[in-house]
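K.L.:
What follows is a predicted structure for the sequence shown.
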Amino acid sequence: MKNVFKKFSKSKLGLMLTMAMIFAMTLCSTAFAAVTPAPLDLDPIQDAIMGSISVSQIALIIAACIGAGMGFVLLWFGARKLVRSIMSAFKKGKLQF
């Protein structure tokens, strides 16, 4: 038995053991696949959500996210331009915008 494992490196042996474990777990999971759980009744949750949130509120949230995103993008590019112009002013001796 020792000679059989001698020709495999540790990484190959570990890989073979891992694959064997995955194969065994796959076979075990298919054995229990015939049991189906009872379907959940999500209608009360859906009615509660639809009753508390309107389309206008969703549109307002989307607009606020887009506006904040645009503000962050403009701030990012403005800060990069400002830092680049200040670093250029120190290196070249001229301030350019």
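P.N.:
Nice, thanks for sending it over.
K.L.:
does K94 sit in a helix, a strand or a coil?
P.N.:
Secondary structure state of K94, per DSSP: H, G, I helix; E, B strand; the rest coil, is coil.
K.L.:
any idea what the closest residue to it other than its chain neighbours is structurally, helix, strand or coil?
P.N.:
Spatially, and ignoring its direct neighbours in sequence, K94 is nearest to S88 (7.6 Å; C-beta to C-beta, 6 or more residues apart in numbering). C-beta: built from backbone N, CA, C; applies to glycine. Classification of S88 using three-state DSSP returns helix.
K.L.:
What about S88, how many residues nearby?
P.N.:
When neighbours are defined as other C-beta atoms under 10 Å, S88 has 13 of them.
K.L.:
Check S85 too.
P.N.:
If you count neighbours by other C-beta under 10 Å, S85 ends up with 13.
K.L.:
Which of the helices or strands spans it?
P.N.:
Using DSSP states H and E, S85 maps to helix 55-92.
K.L.:
Flag every buried residue along that helix.
P.N.:
Residues of helix 55-92 classed as buried: none (neighbour count, 16 or more other C-beta atoms under 10 Å).
K.L.:
Report the mean per-residue pLDDT for it.
P.N.:
Helix 55-92 comes out with an average pLDDT of 92.
K.L.:
distance between it and the chain's centre?
P.N.:
Its chain's C-alpha centre and that of helix 55-92 lie 23 Å apart, by C-alpha atoms, centre = their mean, to the nearest Å.
K.L.:
for stretch 88-97, same thing?
P.N.:
Using C-alpha atoms, centre = their mean, the offset of stretch 88-97 from its chain centre is 41 Å.
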